[in-house]
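>>> Here is a sequence together with a model predicted from it:
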Amino acid sequence: MTEAPHALTVHGLGRRSRTLFRAVAAVAVVMMLGGSGCAGSGVKASYRPALLPVKLEWGNGNINITGETSIVTPVGVFSVGLEHSVVAKKADALYVIFRNRHASLPGSSVAGVDHIYEVMSGGGRFVAVVNGTATIEISDQEVLIDVTDGALKVVEFKGAQAVVQEQQGGVALRWQQFWDDCFYSPMGLSRWAYDDSTIDSWYGLGFLWFLFRLFFALILGVVDLVLTVGCFLAAVGFLVAGQTGRNIVYGVEVLVFLFVLFAGSRLA
């Protein structure tokens, strides 16, 4: 017996709905997997300040060392103007010079005294941070701190690259942090698939190969769009609330996938 036109229409809509659901579910799976890959391991350690575990505090003509005191060694007290080359510098050490321009050594008529301390840094580039704010570059393994005014001076040491990154800061750096930790780059799949270098090769076969690559790139471009949108939203979440915001966005994307999966199964 021939089915009624209305029944055929309903069946056709059902088939199209199931087909659409499968397509949406497949894209959602790709987005979910891509988002999980982008989650990575969080902000990389290279963005964390590198600190030497010691502080040198100058106050009232005295030095107080806190933290890992074993890496600090008093070198001596010298009159300003004398060559400090008498100190044999170590390749993996920094030398902190506290200079009082008004003081003088007993029996000396030379104004100015340098108190020198050796700090074992283990190599690498560092800058001195005074009282938590002022940054002083280290030149020739030496950093000069003027203590003539008698004010309290607390000296710490940070990795030079970490200080530069902290000064840059802001939205641009956090945005870069997210993508540096993400395996996926926007439109990366279609860019990988597309190649037109063979158009003029192999007596026409190169052009056919180009067409195949182009078709494949267009298909992957659809997946790229979904992944790019998913990761872009996660990046915005990272800018607003760090890893917590990023994870919330990924969670919402998974919930959307589950909702589409449930709705599609009901349509089927």
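Here it is on my side, so go on. Residues are numbered from 1 along each chain as shown.

>>> From here on, just use CA atoms for contacts and neighbour counts.
Fine.

>>> ok but Tyr95 is inside a strand, no?
Yes. Under DSSP: H, G, I helix; E, B strand; the rest coil, Tyr95 falls within a strand.

>>> Please tell me how far it sits from Val77.
As for Tyr95, its distance to Val77 is 13 Å (criterion: Cα to Cα, to the nearest Å).

>>> Of those two, which one has the most company?
The neighbour comparison of Tyr95 against Val77 (other Cα atoms under 10 Å) goes to Tyr95, with 25 against 15.

>>> okay, the more buried one: pLDDT?
At Tyr95, the pLDDT value in this model is 86.

>>> Surely Leu52 and Ser121 touch.
Yes. Taking Cα atoms under 8 Å as the definition, Leu52 is a contact partner of Ser121 at 7.0 Å.

>>> quick revisit: which residues are in contact with both of Tyr95 and Val77?
Ile116 (Cα atoms under 8 Å, 6 or more residues apart in numbering).

>>> Can you spell out which helices and strands pack onto the helix or strand hosting Phe212?
Following DSSP states H and E, one finds Phe212 within helix 205-267. On a contact count with 3 or more Cα pairs under 8 Å, 6 or more residues apart in numbering; DSSP states H and E, helix 205-267 meets helix 5-39, helix 170-180, helix 188-193.

>>> roughly how far apart are the closest residue in space to Phe210 that isn't next to it in sequence and Ser104?
Closest residue to Phe210 apart from its sequence neighbours, by Cα to Cα, 6 or more residues apart in numbering: Asp196 at 5.6 Å. Distance of Asp196 to Ser104, computed by Cα to Cα: 77 Å.

>>> Same question for Val143.
Following Cα to Cα, the distance that separates Val143 from Ser104 is 20 Å.

>>> low pLDDT regions in the stretch 101-250 of the chain?
Within the stretch 101-250 of the chain, the segments meeting pLDDT under 70 span 124, 159-170.

>>> go again using 80 as the cut-off
107-110, 121-127, 132-140, 150, 152, 157-174, 176-177, 180, 182-185 (pLDDT under 80).

>>> And the residue most central in space within the chain, how far from Phe262?
Residue closest to the average C-alpha location in the chain (Cα atoms, centre = their mean): Gln177, at 3.6 Å. Gln177 sits at a distance of 35 Å from Phe262 (criterion: Cα to Cα).

>>> now swap in Ser185 and tell me
30 Å.

>>> What of Cys231?
For Cys231 relative to Phe262 (Cα to Cα), the value is 24 Å.

>>> higher neighbour count, those two?
Cys231 (29 against 14).

>>> Relative to Asn100, how far out is the more buried one?
56 Å.

>>> Likewise for Asp196?
Distance of Asp196 to Asn100, given as Cα to Cα: 70 Å.

>>> what about the two, which has more around it?
Between Asp196 and Asn100, counted using other Cα under 10 Å, the more crowded position is Asn100 (21 against 13).

>>> from memory that one sits against Ala151, does it?
No. Asn100 lies out of contact with Ala151 (Cα under 8 Å); the separation is 11.2 Å.

>>> can you pull the buried residues of stretch 195-206?
Neighbour-count burial for stretch 195-206 flags 195, 199, 206 (criterion: 16 or more other Cα atoms under 10 Å).
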